[in-house]
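Asks: turn this into a model:
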Amino acid sequence: MEFFTKKTINLYFIRHPEVENASMMVFNGSIDVDLSENGIIQAQKLKEFFMYKNIKKIFSSPLKRCLKTAKIIQDGLNCELIVDYRLQERNFGIFESLSWKEIEQKYPLEALSFLKDPFNFKIKNGESFFDVYNRVNSFLSEFDFEKDTLIVAHGGINRVLIKYFMDLKDEKILSVSQDFACINHFLTDGNFFLAKLINGVI
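Replies: Got it, this is the predicted structure:
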């Protein structure tokens with residue numbers, strides 16, 4: 001059975017590499033934290049991986065953990081780099097800069113609401129995954145699906161992309177792991193999305 005109705009492209013999207021405060025296991029969200037030394041090494045490995053792909057365009061979140069990664073990868077390719085604010089990580093509001101243990105201690109009711117309905121729960125002073133989904137949907141509505149493309153983004157953004165491409169139920173949004181520097185790969189014609197790799201690590 002043929003699911004594709006027109007020319008397909010390779011669409012890759014990655015989570016940024018390890019950040020400086022990774023050992024603290026906190027919610028960074030919109031905080032503009034930089035890559036760690038290990039993160040720079042991971043970015044170089046990503047550069048080597050994509051050097052042999054036919055990437056014609058890179059989109060990146062404006063946060064430096066992504067943009068620095070995108071520029072490192074672009075250095076090994078002859079392609080355009082576009083920064084798009086809609087790819088910025090979810091704003092975690094009052095959860096930002098806190099670990100999950102700290103959140104449970106400081107905001108127990110909000111922590112329970114988050115776990116009960118992770119897609120629709122809107123964190124005070126922040127966003128819900130539903131808000132992020134609308135941002136990403138706006139981005140995809142302008143996507144041309146004509147050339148092999150790489151998106152450098154965040155765990156939250158990537159989960160929303162996977163939900164969109166695979167039509168996952170809202171409650172499954174946290175069921176997708178996105179490790180530092182992971183690679184996701186879909187073959188698509190813009191209508192049908194075939195998952196080739198999810199959360200792959202080189």
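
Asks: let me see the residues that make contact with whichever strand or helix holds I40.
Replies: Using DSSP states H and E, I40 sits in helix 37-50. By C-beta atoms under 8 Å, 6 or more residues apart in numbering, the residues outside helix 37-50 that reach it are 12, 14, 16-20, 22, 35, 65, 68-69, 72-73, 75-77, 150, 180-181, 183, 202. To be clear about C-beta, it is placed using only N, CA and C from the backbone, and glycine gets the same treatment.

Asks: other SSEs contacting the next helix or strand after that helix?
Replies: Downstream of helix 37-50, the next assigned helix or strand under DSSP H and E is strand 57-60. Judged by 3 or more C-beta pairs under 8 Å, 6 or more residues apart in numbering; DSSP states H and E, the packing partners of strand 57-60 are helix 64-74, strand 80-83, strand 149-153.

Asks: could you give the average pLDDT over strand 57-60?
Replies: For strand 57-60, mean pLDDT rounds to 98.

Asks: note down every partner strand of that strand and its orientation.
Replies: Strand pairing for strand 57-60, using DSSP bridges, gives strand 80-83 (parallel), strand 149-153 (parallel).

Asks: these: which one's closest to F92?
Replies: For F92, the closest of those is strand 149-153, at 15.5 Å, according to C-beta to C-beta.
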